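**Q** Just need the structure, nothing else, for what follows:
(2 chains)
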Amino acid sequence: MADWKSTLNLPTTSFPMKANLQVAEPQMLARWDAIGLYRKLRDRRRGAPVFYLHDGPPYANGNVHLGTALNKILKDVVVRSRSMAGFDAPYVPGWDCHGLPIELKLLKELGPKAREMSVAGLRRACREYAGRYVDIQREQFKRLGVLGDWGDPYLTMDYRYQAAIVRALGTFVERGMVYKGKKPVHWCIHCRTALAEAEVEYEDHASPSIYVEFPLGAEGSAALASRFPGLEGRRVSALIWTTTPWTIPANLALAFHPDAVYAVCPVDGRAVIVAEALVEGLSAALGRPFEEPVARVPGTAFEGLKFRHPLYERDSVGVLADYVTLDTGTGIVHTAPGHGSEDFQTGVKYGLDIYAPVAADGRFTSDVERVAGLTVFEANPVVEAALGEAGALWKTESFSHAYPHCWRCRNPVIFLATSQWFIAMDDTGLRRQAIAETRRVRWVPEWGGDRMRSMVETRPDWCISRQRTWGVPIPALTCSSCGEAVLTAGLVERAAAVFERDGAEAWYERPVADFVPEGLACPSCGGTAFERERDILDVWFDSGSSHEAILVVHPELHWPPDLYLEGTDQYRGWFQSSMLVALGTRGRAPYDQVLTHGMVVSEDGTKMSKSLGNDVPPDEVIRKTGAEILRLWVASVDFREEVRFGSEILARVVEAYRKLRNTLRILAANLSDFDPAAHMVPPQAMDEVDRYAMARYGEFASRVLTAYDEYDYPAIFQALNAFVAVDLSAFYVDVSKDRLYTLAPGSRGRRSAQTAMFAIADGLARLIAPILPVLADEYWASLPGEREESVHLAEFPTRVELFRDAELVARWSRLLKLRAAVNAELERLRQAKAIGQSLEAAVHLRGTGALADLIASYRDELPGLFITSQVDGETDAPSAGAEPEAGAIYREDEHSAVHIVAERAAGVKCERCWRYVPAVSSDPEREGVCPRCEAVLAAAR
RNA sequence: GGGCCUGUAGCUCAGCUGGUUAGAGCACACGCUUGAUAAGCGUGGGGUCACUAGUUCAAAUCUAGUCAGGCCCA
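**A** Model (predicted):
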């Protein structure tokens, strides 16, 4: 038998079926580096409209985790797709380098040595550490395929950046928005230092637990009695519960819940206020019988009433607070604004003094009667005794609970109001402006605007100072004679100039005189001797200045950036700090659009964390399946909500990648002898099936381009899967094989198919490039024709909508439905072992109505369409309703139907094209070949 | 505990302003193929649209509550 196979135009390509991404990806990355892809792209797009995504700086500590990978990949897809849409889309990555986590890490690493180091020395160690992690993360981000200006990123610890931060602060100072005030922080009286939340460890601790009575003043009693007659003539008092007796001397208020109802119950001759819901329990706990209430009073009635402090000659005012709970205590919360976080908020709200008569060593100041000179813990029993003497102590016992301890010395810590720097939210309308800006910015998803607004509306003044080392110093001075804090625009600029040249370490190493502008005098006492401020700026101020600071390093970028893209956790973080800083420096938001993505959760939808042991490091995924798979996963999920990740999800993504890759491969393999410059067939000369494929491609490409514009990547993923699997692989490629393989290489029919396949392959390479940059570029290189050296320098296909042809598609979708019905019949034969492949079948169609016309007009195409050897069609009404003796009826609508009968094809099999024909050649040279193949072979001679 | 968000087949997603038997791709099952072959094709099964009430002639789609989960805050 002759070897007819060698006379076919079988597909061939160097594009491998197996991706081997572990090898291919690093190679491709190296190639992009070698050709200077990022710079080339910038050059290529110079002068085009700009689209600037401003990178939010990840923290320079630890390895990249899945959440960071999701964020960076999304940004890369956005930037690449904008670039391919013709924009000049620069991407300058950044890192957040200052801050507590790095400082703590070093303190732990250095151990006792840290205490001997100078501030500047410790800072240099932090700088070195941060630099190391910048390098590590940079490599990890590059490995993900993220294209950007990796050679020149922005770092918040850059000298120029540090100067820009200080200058940004200066704009607030200049406008009088920065003030010094008090705020309680965790404080270790043993180490005499402020502690951050991360430095506090909660351990069980036995505290004294006391119930204390605060009598209502005469004025208040009268006011209350006028509304609640049952109180007439009674001595009314409020009962509170606390586990920190030492804070009683600093009590300034009693907090009630605005929605709670309080009962006033006679107990031992007086009337006591407690939450109604707690009366019974308290009566038992205190061992005192509470009589039936003489009045029921809503919490709101107590607002502004003056109670009397049980120990000192002063009032304690009634206030309202939502955090008051009704499951423990009395429903009335003792409030000392200088010694509690919530107390502070309430104090600020009601304009109370932030009173904290306790020094850094934890001792009461000398002006506090009874406890002066005692430490707070020593004061506990003294306060209890005094309350007992005053007849205000109802009960005391020991109470065990989780209590904050210093991570270093293990001693219990306290809340202590300390001096801090603030940016005022309301004095100069910052809050109002911010709210107005949230209405102008476009938030994706839309509810982001509401979320942002409600946060801005309720947030307190911005506390911008931290008592730490690794950060940008607040360039303020303290008057040596009167202690007044001084912060002026001149001071700020002076420091900025130094930082710019020598870095912020200079603040700690230079003589203070270097920072004092000529002629500066204390505004309070006129003194001219100063000491430097030791506080640093909140690191959120650092990163919040990035839109400004980046311009110092990259003056080519414009302001404002177009887009911010971060996780939803940044509404309170970076989105807000950036907004506030920008309002200070420029009076508007630093972005026009904010896109947010959800957090990565595990496959069952629960939190992913290292401590739970269900986190997956991205490099593990990269090692196993490649970064392209991770990128395709990112594109496949609806990132606006939390996104799930797990082994099954990953397996599905791998499947999609494989299907895509193989389909791309078969297209390329059929184009191995195709030269677009010479072989393209004009549309009017193309086979209709090829024009149909082009029309479907046009629909697909339009959809994808729209989706890129709308950041709707899951739509792209779904459309891509469907187009590749259904339109191309299962239909177009399958039905085109006969023409491609068996016709003469240069025949019109074959070139027609190749023309369509070439356009589709070329378009697919461009369309997938932002998501799968390695696959796209590898594929790009395997396609024929003149092209850019990288698909990433090219643009998306243009005018794809011109390929669309709704009329053609509608007609063919009818043919495809008919094809599905035929396939069902063929399957019956196959299951009955009557046939194997579909070419062994013949199909008889008896149509009626519109279907009969359709069949008649596509008579010649149908065998190819069905991939059967024979199809005959006749117009004849199929017996309406009655079951046919054989085959099946496919009904398009009530007027048109077709009776389908499939059977084993008659005739003989052509050994070359495998179709069954009436007769094959007996010519010894062409034995077993059908007439059509014979002609092809003859022409090839 | 509060603010915001989410809950459609095993997985990832569609289902517009409420309207016929809820769709797609993948996975799965059963065949076919061996001229895309560590590939390809065909057929098929699979969902009480988280749950419960309600509005409506009609709800996956609107309202309320419950449960489960996420982010931020307390």
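**Q** which parts of the stretch 751-900 of chain A sit against RNA strand B?
**A** When proximity is defined as C-beta under 7 Å from any atom of the strand, the stretch 751-900 of chain A approaches RNA strand B at A:Ala820, A:Asn823, A:Ala824, A:Leu826, A:Glu827, A:Arg830, A:Gln831, A:Lys833, A:Gly836, A:Gln837, A:Ser838. For glycine as for every other residue, the C-beta is placed from the backbone atoms N, C-alpha and C.
**Q** Let's see if you can find the most crowded of the residues you listed.
**A** Among these, A:Leu826 has the most neighbours (other C-beta atoms under 10 Å), with 22 neighbours.
**Q** Setting the sequence-adjacent residues aside, check what's closest to the residue in the stretch 701-850 of chain A that RNA strand B sits nearest to.
**A** Residue nearest to RNA strand B within the stretch 701-850 of chain A (C-beta to the nearest atom of the strand): A:Gly836, separated by 2.3 Å. For A:Gly836, ignoring the flanking residues on the chain, the nearest one in space by C-beta to C-beta, 6 or more residues apart in numbering is A:Arg830 at 6.9 Å.
**Q** what about that neighbour, helix or strand, and which?
**A** Assigned by DSSP states H and E, A:Arg830 belongs to helix A:806-831.
**Q** next helix or strand past that helix?
**A** Scanning onward from helix A:806-831 (DSSP H and E), the first element met is strand A:841-848.
**Q** tell me the mean pLDDT for the helix or strand following that next one?
**A** Counting by DSSP H and E, the element after strand A:841-848 in chain order, helix or strand, is helix A:849-857. The average pLDDT for helix A:849-857 rounds to 92.
**Q** which strand in chain A runs the most residues?
**A** The strand that spans the most residues within chain A, counting by DSSP state E, is strand A:200-215.
**Q** what's the residue nearest to the spatial centre of chain A sitting at in phi/psi?
**A** Relative to the mean C-alpha position of chain A, the nearest C-alpha, by C-alpha atoms, centre = their mean, is the one of A:Gly567, at 2.4 Å. Main-chain dihedrals, A:Gly567, degrees, to the nearest 10: phi -70, psi 160.
**Q** Could you do A:Leu537 as well?
**A** Main-chain dihedrals, A:Leu537, degrees, to the nearest 10: phi -80, psi 140.
**Q** and if you look at A:Val274?
**A** Main-chain torsions, A:Val274, degrees, to the nearest 10: phi -150, psi 170.
**Q** Just grab the bridge partners of it for me.
**A** A:Ala263 (DSSP bridges).
**Q** In contact with the nearest residue to A:Gly56 once chain neighbours are set aside, which residues?
**A** Excluding its sequence neighbours, the residue lying closest to A:Gly56 (C-beta to C-beta, 6+ apart) is A:Glu566, at 4.6 Å. By C-beta atoms under 8 Å, 6 or more residues apart in numbering, A:Glu566 lies in contact with A:Gly56, A:Asn71, A:Trp574, A:Phe575, A:Thr596, A:His597.
**Q** Take those and keep only those in strands.
**A** In strands, defined here by DSSP E, the members of those are A:Thr596, A:His597.
**Q** Just among the contacts of A:Glu566, which is most surrounded?
**A** A:Phe575 (29 neighbours).
**Q** pretty sure it contacts A:Arg451?
**A** No - judged on C-beta atoms under 8 Å, A:Phe575 makes no contact with A:Arg451 at a distance of 9.6 Å.
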